[in-house]
Structures are given as C-alpha cells and as structure tokens.
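*Asks:* Need the 3D shape of this:
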Amino acid sequence: MQIGFDAKRAFNNTTGLGNYSRFILDALTHFAPQHQYVAYTPRTNVEVYRFPTVFTPSLPSVLHSWWRSYGVVRQLRKDHIQLYHGLSNELPQGLAKAGIRSVVTIHDLIFLRYPALYPATDRFFYGQKFRAACQQADRIVAVSEQTKRDMVAFYQIAPNQISVVYQDCHEQFRKPISAILATQVATKYQLQKPYVLCVGTIEARKNQLRLVQAFAEANLPEAELILIGGKTPFQTEIENYVQQKGLQKRVRIFNKVPFEHLPALYQQARIFAYPSIFEGFGIPIVEALQVGVPVLAATGSCLEEAGGTGALYANPLDVSELTSKLSQLWQDDTLRANLCQNGQQHVQQFNAQRIANQLVTIYQSLITSY
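*Replies:* Got it, this is the predicted structure:
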C-alpha cells in the first residue's frame with residue numbers, strides 16, 4: 001500500500017498532536033515496513049523529527065495553509081498515494097474526487113463541550129475543519145471511546161464509521177532509568193522529599209488548583225506537590241492560593257522541563273495525579289503507568305480508559321473527594337503496589353505493534369473495498 005500522512009504536527013509540534021503523529025509514523029514504519037509511507041508537511045524541522053520519506057513543497061510560508069488544505073492533493077496523485085491519513089483532526093479537500101481513500105484521527109471535541117475555554121475564532125475554525133473532515137473521511141479514528149461518543153453526539157456520525165485506536169506514550173517511558181540520570185534529576189530539582197507529581201499545561205481544564213487545594217487539606221506528612229507544564233495566566237491563581245496558604249515550600253511549579261528529565265521525575269514520584277476535568281485520552285496517565293507509578297485520576301471523561309485498574313479515581317470538581325482519595329493512596333502501601341501491578345498489565349493494550357496492526361487493517365479494508 002502507498003499511504004500518505006498529514007505530518008505537519010510531527011515535524012513542528014513537540015507535544016500533544018506532534019507526539020501522536022510521531023508515534024503513529026514510527027509504529028507503522030517499524031511494525032508494518034512492507035508498505036510505503038510518505039509524510040507531507042509544509043515545513044520540515046529535523047531537530048524535532050526525522051522520517052525516511054518526506055515531501056515538503058517549495059512555497060512561501062503564506063501559502064502553507066492553502067497547500068495543506070488543497071494543493072497537497074495534486075502531489076498525492078503524482079506520488080500514487082492510495083490512502084491519506086490526516087493525523088490531526090483535518091483533511092484536505094478533493095481526496096475523493098482524486099480517487100484517494102481517506103482516514104482522519106479526531107483527538108477530542110473539547111471545544112464543543114467547553115466552549116468558554118476557547119476563543120471564538122478558534123471555535124469557529126475548529127468547528128469548520130473537524131466537521132468537514134468527519135463528513136469527508138472514509139473512516140474516522142477516535143483516540144478513545146469518549147471521543148467516539150462525542151462525535152456521535154455532536155456530529156451525529158454513525159458509530160460504525162468510527163474506529164477507536166488508542167496510542168502509547170514515548171518509548172523512553174518504557175526503558176529503565178539509570179541511577180546516574182535519576183540522581184542528576186533529583187539534584188537539579190531538589191527532590192529531597194516524597195512527592196505527588198502532576199504533568200500538564202497549567203490551565204483551568206487541567207484542574208491543578210483543585211489538586212493544590214486537596215493537597216493542602218490532605219496534610220500529607222513530609223510531602224511535596226510538583227506541577228510541571230506550560231504556563232498560562234491560570235498559573236497566577238494557583239500561585240496566589242499557594243501564597244495565601246503558606247505552601248511555598250511544599251508546592252513547586254516547573255514550566256520548562258526538558259523531555260529527557262520527565263521519565264526520571266515520574267519514576268521518583270510516590271503518586272502521579274491527573275485531575276483534569278476533561279481529556280481526549282490522557283497520555284500522562286499512560287506515561288505514569290509505564291514507569292510504574294500509582295495514579296490518581298479524574299472521572300467524567302476518558303481517563304478511566306487510559307488508567308483502567310491502574311488508577312484510583314475521584315470527581316475532579318469535588319475537592320473533598322480528591323482529598324480523601326489522595327490521602328488514601330498516599331498512606332496505603334498495599335493499594336499503591338496493587339495499582340502499579342494492575343497498571344503494568346493495563347498498558348499492554350497500548351503497545352505500538354498492536355496499534356500499527358489495527359491501523360493497517362483499517363487501511364487495507366478501505367483500499368480493497370474501493
């Protein structure tokens with residue numbers, strides 16, 4: 001098969017959609033190398049990612065968006081691409097007319113569930129692109145059952161048009177961490193006390209403020225809470241609360257942490273907490289389970305899919321419940337050990353070979369039925 005991919009995110013985004021795109025491309029090239037894969041991107045950044053076969057047009061940057069939405073189809077026909085997979089919620093126009101089958105991955109519809117969290121212009125363009133891609137695609141891939149349910153509810157898409165295919169985290173979280181690196185990371189971030197770790201952009205939807213409030217109420221002995229993530233204005237609310245409660249020595253925030261330090265930071269945590277109000281999947285939970293850390297996560301979206309029996313769950317809007325579950329997990333050695341064991345089994349379903357096989361099956365079914 002000749003498969004093309006919208007790879008803009010793979011080459012230019014270091015988190016989120018970029019991680020997903022790189023994971024899919026790497027999984028397919030490694031576990032299904034008998035097929036030909038071409039990555040199409042208006043701009044290549046080899047410092048972020050390298051891929052064996054890449055097409056980048058010679059166009060001024062002002063035309064890059066147009067090329068991804070329209071111009072790329074001409075190149076796909078020239079390259080004899082049989083199927084094109086939009087890895088980040090969108091597809092170019094004209095694929096069906098060109099005789100090219102199409103798949104689109106939809107990651108979430110959070111902008112529809114929580115519109116107040118997004119600027120009006122973003123909601124408009126997301127709405128146009130996502131709906132058009134779903135209507136055009138021969139098959140839709142959802143990253144979770146929750147996202148599938150949202151597409152059925154918001155876009156009235158027939159469930160049999162949607163395939164749920166999960167993703168795994170970066171392979172670094174599956175590798176043993178050397179004692180030297182662990183010591184270096186512990187020294188750099190002054191990890192002198194047992195800590196609760198939370199990784200994710202510091203924003204209202206991720207719900208770190210309620211986690212800080214629960215941490216303060218739990219009064220865990222000799223404990224710290226470490227928040228890692230990109231800074232937004234919401235961080236000021238957290239910092240103000242920390243100052244009001246005198247928690248400056250117990251709650252620490254790091255906004256720019258190199259990726260290579262994250263596995264060691266996860267590994268040395270006593271608990272990983274991810275109380276996000278709503279997610280499309282929840283890769284940080286998978287990262288924690290792969291490393292072998294017990295998880296406290298939130299009910300209400302897809303996090304129970306990501307964590308399975310490897311996590312304890314609480315209502316993300318209920319600080320008292322978060323406090324209770326956090327205290328329980330901190331104090332119960334047996335519970336933590338059981339969650340770690342269960343988590344190691346649960347994450348096996350997210351392995352790259354299984355996911356590559358699922359995608360190849362989808363591609364073959366579309367191409368052979370054309």
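*Asks:* Show the residue spans covered by the strands in this protein.
*Replies:* Here the chain has its strands, by DSSP state E, at 2-6, 36-40, 54-55, 83-86, 101-106, 139-142, 162-164, 195-199, 224-228, 251-254, 271-274, 295-298, 311-314.
*Asks:* Export the longest one to CSV, keeping only CA atoms.
*Replies:* Extracted C-alpha coordinates of strand 101-106, given in CSV (Å, rounded to 0.1, in the frame of the first residue of the first chain):
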residue,chain,number,x,y,z
ARG,A,101,-9.2,7.0,0.2
SER,A,102,-9.1,8.9,3.5
VAL,A,103,-8.8,8.4,7.3
VAL,A,104,-8.8,11.2,9.9
THR,A,105,-7.9,11.0,13.5
ILE,A,106,-10.1,13.1,15.8
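*Asks:* Neighbouring strands - and their directions - for that strand?
*Replies:* If you go by DSSP bridges, strand 101-106 pairs up with strand 83-86 (parallel), strand 139-142 (parallel).
*Asks:* So which of the ones you listed is the most surrounded?
*Replies:* Among those, ranked by average contacts under mean count of other Cβ atoms under 10 Å, first place goes to strand 83-86 (a mean of 25). Heads up, the C-betas are built off the backbone N, CA and C, glycines and all.
*Asks:* Report the mean per-residue pLDDT for that one.
*Replies:* The average of the pLDDT scores along strand 83-86 is 98.
*Asks:* same deal with stretch 312-328?
*Replies:* The pLDDT scores in stretch 312-328 average 97.
*Asks:* okay if I get the strands of the chain as a markdown table plus distance to residue 241?
*Replies:* A markdown table is the format used below for the strands of the chain (distance: least, Cβ to Cβ, whole Å):
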| stretch | distance to residue 241 |
| --- | --- |
| strand 2-6 | 41 |
| strand 36-40 | 44 |
| strand 54-55 | 46 |
| strand 83-86 | 41 |
| strand 101-106 | 35 |
| strand 139-142 | 36 |
| strand 162-164 | 38 |
| strand 195-199 | 15 |
| strand 224-228 | 12 |
| strand 251-254 | 9 |
| strand 271-274 | 16 |
| strand 295-298 | 19 |
| strand 311-314 | 19 |
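*Asks:* ok, residue 226 - contacts?
*Replies:* Counting by Cβ atoms under 8 Å, 6 or more residues apart in numbering, residue 226 makes contact with 189, 195, 196, 197, 198, 252, 253, 254, 265, 269.
*Asks:* Let's see that with 6 Å instead.
*Replies:* By Cβ atoms under 6 Å, 6 or more residues apart in numbering, the residues touching residue 226 are 195, 197, 252.
*Asks:* That one bridge partners, please.
*Replies:* Judged by DSSP bridges, the bridge partners of residue 226 are residue 197, residue 252.
*Asks:* want to throw the contacts of residue 226 into TSV with distance to residue 322 and neighbour count?
*Replies:* TSV is the format used below for the contacts of residue 226 (distance: Cβ to Cβ, whole Å; neighbours: other Cβ atoms under 10 Å):
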residue	distance to residue 322	neighbour count
195	17	22
197	15	24
252	19	17
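*Asks:* Need the strands paired with strand 101-106 in TSV (columns: distance to residue 357).
*Replies:* Output for the strands paired with strand 101-106, formatted as TSV (distance: least, Cβ to Cβ, whole Å):
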stretch	distance to residue 357
strand 83-86	15
strand 139-142	14
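*Asks:* Figure out which of those is closest to residue 328.
*Replies:* Nearest of these to residue 328, taken as Cβ to Cβ: strand 139-142 at 32.5 Å.
*Asks:* got the CA positions of that closest one in PDB?
*Replies:* Listed in PDB are the C-alpha atoms of strand 139-142, where the atom choice follows Å, rounded to 0.1, in the frame of the first residue of the first chain:
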ATOM      1  CA  ARG A 139     -13.100   6.200   8.100                       C
ATOM      2  CA  ILE A 140     -12.700   8.100  11.400                       C
ATOM      3  CA  VAL A 141     -10.200   7.100  14.000                       C
ATOM      4  CA  ALA A 142     -11.000   8.200  17.600                       C
END
